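1. missing the sequence, but the structure's below:
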């Protein structure tokens, strides 16, 4: 039986993880990336226990944990520095079976891509879905400027503004603006030690987290109109918005090079898709369920998608049934997380003084009840287990 072919459109975290998982299960994989290289646009990423367990499935979990910084105790603060809530890393490990770890996106992308065979990734190759194909019938077709690929499976991993998603579901409204923009930067660590923190103000937040290599991953968000840009540069914009907040925030901003600050409006798929597949084509990651970053689960869910997909489309099984099972499992889970992230985003987006005061009082009160109450937010998310501990789909298909 010839080796089945899979084409992945997009080389982000979800696309590359799907490519590795499919390759390991017996697929011949081609990854098409429009950018000239695999160097990702991004800064740091937090990997919760759920995505680490998914990376364990493809043999990368321990390697990434070794390269990452384990998040220590910290908490949430006000712009003047008062602690609103404290986090307990030991309690999180006990509850969810592992820590949150932080790693640079470039490191994660490099390590995932290293598990693919030479020549599998084609950069500078913008791709278009020409035909989604039909399970049991014609193959899917993908075209680039100078080539055409036929495949038994196509994975759309082309991001928030996915062209593959539009081709599969042209009537869907697509992503909506969440109401806020984000900034991200990686800088050398300040001389003075600090505790990891996320600081919430009126319609704005700031986070400072350490990476294992001695640098700092910092991120910020603020309620602004869609498409707004700094009048001069984004470093100056951060100074205007956050330069008077507590230490080490002013020093972190000062350490950034002006062109180093990344800014992105946040869009999310608040209206869920009817399915994550059509024909022989399937969506993973932001293409399927873009979400606000307020739960830190966007990349984590993309990694989950990848291993669940590979689990259900093993070579030799009914592809249509496998894709339907993937949609049935992933759509309700990710829809719930998209909505929960939007709820947290609305709390962050409060701008009136009385509303912010009530929010802060609530956070402090919940924190005093103990770490278990705070961690409950991630029940059903961070404790997820991959389907590999169940009977394989191929066995179920053969044995009924």
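-> Received, thanks. The structure presented is a predicted model; accordingly, all values stated were derived computationally and were not measured.

2. all contacts plus neighbour counts: C-alpha atoms, from now on.
-> Will do.

3. tell me which stretches of the stretch 1-150 of the chain form strands.
-> Using DSSP state E, counting those that start in this stretch, the strands of the stretch 1-150 of the chain run over 5-9, 28-32, 44-47, 69-70, 75-77, 83-86, 101-104, 121-122, 128-131, 140-143, 148-151.

4. which one of the ones you listed lies closest to residue 265?
-> strand 44-47 (17.1 Å; CA to CA).

5. how about low-confidence regions in the stretch 251-400 of the chain?
-> 389-400 (pLDDT under 70).

6. ok so, going back, I'd like the strands of the stretch 1-150 of the chain as JSON lines, with distance to residue 259 and mean pLDDT appended.
-> Putting the strands of the stretch 1-150 of the chain into JSON lines (distance: least, CA to CA, whole Å; pLDDT from 0 to 100) gives the following:
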{"stretch": "strand 5-9", "distance to residue 259": "29", "mean pLDDT": "98"}
{"stretch": "strand 28-32", "distance to residue 259": "28", "mean pLDDT": "98"}
{"stretch": "strand 44-47", "distance to residue 259": "17", "mean pLDDT": "96"}
{"stretch": "strand 69-70", "distance to residue 259": "26", "mean pLDDT": "92"}
{"stretch": "strand 75-77", "distance to residue 259": "28", "mean pLDDT": "95"}
{"stretch": "strand 83-86", "distance to residue 259": "32", "mean pLDDT": "93"}
{"stretch": "strand 101-104", "distance to residue 259": "18", "mean pLDDT": "96"}
{"stretch": "strand 121-122", "distance to residue 259": "28", "mean pLDDT": "97"}
{"stretch": "strand 128-131", "distance to residue 259": "32", "mean pLDDT": "98"}
{"stretch": "strand 140-143", "distance to residue 259": "35", "mean pLDDT": "98"}
{"stretch": "strand 148-151", "distance to residue 259": "38", "mean pLDDT": "98"}
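
7. deepest of these, which one?
-> The highest average neighbour count among these, using mean count of other CA atoms under 10 Å, belongs to strand 5-9 at a mean of 26.

8. so which residues make contact with that strand?
-> 15, 18-19, 22, 27-33, 127, 142, 149-158 (CA atoms under 8 Å, 6 or more residues apart in numbering).

9. direction included, what does it pair up with?
-> Here strand 5-9 is paired, per DSSP bridges, with strand 28-32 (parallel), strand 153-156 (parallel).
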